[in-house]
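**Q** okay, predicted coordinates and the sequence, questions at the end:
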Amino acid sequence: MNTHLWLALQTGGGGMGWLSIAPLIFIFGIFYFLLILPQQRRQKKWQAMLDQLKTGDKVTTSGGLRGTIIALKDDSIHLRVPPDNLRVEVTKASVVQVTTTEEESKTK
């Protein structure tokens with residue numbers, strides 16, 4: 001008789017384990033859809049922007065430099081920065097915004 005009682009308690013306890021884990025799974029799901037997934041989409045969009053860089057594009061870096069791309073290397077770019085047409089080398093990862101010549105002509 002004790003064996004049957006012990007078996008009934010053991011199987012009932014297993015169901016309670018899932019009920020205590022369910023809120024954690026639900027919270028993780030919310031965090032995934034609200035935080036992780038949008039960040040992955042932004043990262044892919046930013047990486048695609050970096051892959052499409054070409055000479056003549058006007059860019060803004062994370063440090064606030066604005067210039068025109070005059071040369072591309074593996075992980076860096078050379079910018080011509082006005083007003084004295086300084087030549088500056090920065091990493092591609094520092095580029096945060098690109099304004100192509102087509103976009104610039106549309107805004108004028």
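**A** Structure received.
**Q** list the contacts for residue 50?
**A** For residue 50, the contact set (Cβ atoms under 8 Å, 6 or more residues apart in numbering) comprises 92-93, 95. For the C-beta atoms, the positions are set from N, CA and C on the backbone; glycine is no exception.
**Q** again, 10 Å this time
**A** Residues in contact with residue 50 (Cβ atoms under 10 Å, 6 or more residues apart in numbering) are 75, 77, 92-93, 95, 98.
**Q** tell me which element the most centrally placed residue in the chain is part of?
**A** The centroid of the chain falls nearest to residue 43 when counting by Cα atoms, centre = their mean (2.4 Å). Using DSSP states H and E, residue 43 sits within helix 37-51.
**Q** now do the residue nearest to the centre of the chain, the pLDDT please.
**A** pLDDT for residue 43: 96.
**Q** roughly how far does it sit from residue 80?
**A** 28 Å (Cβ to Cβ, to the nearest Å).
**Q** with just CA atoms, put stretch 25-40 into CSV.
**A** Provided in CSV are the C-alpha atoms of stretch 25-40 (Å, rounded to 0.1, in the frame of the first residue of the first chain):
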residue,chain,number,x,y,z
ILE,A,25,9.7,29.9,-20.2
PHE,A,26,7.0,32.5,-20.8
ILE,A,27,9.3,35.3,-19.5
PHE,A,28,12.2,34.1,-21.7
GLY,A,29,9.9,34.1,-24.7
ILE,A,30,8.8,37.7,-24.1
PHE,A,31,12.5,38.8,-23.7
TYR,A,32,13.4,37.0,-26.9
PHE,A,33,10.7,38.6,-29.0
LEU,A,34,11.1,42.1,-27.4
LEU,A,35,14.8,42.4,-27.0
ILE,A,36,16.9,39.7,-28.7
LEU,A,37,15.1,39.4,-32.1
PRO,A,38,15.0,43.1,-32.8
GLN,A,39,18.7,43.4,-31.9
GLN,A,40,19.5,40.6,-34.4
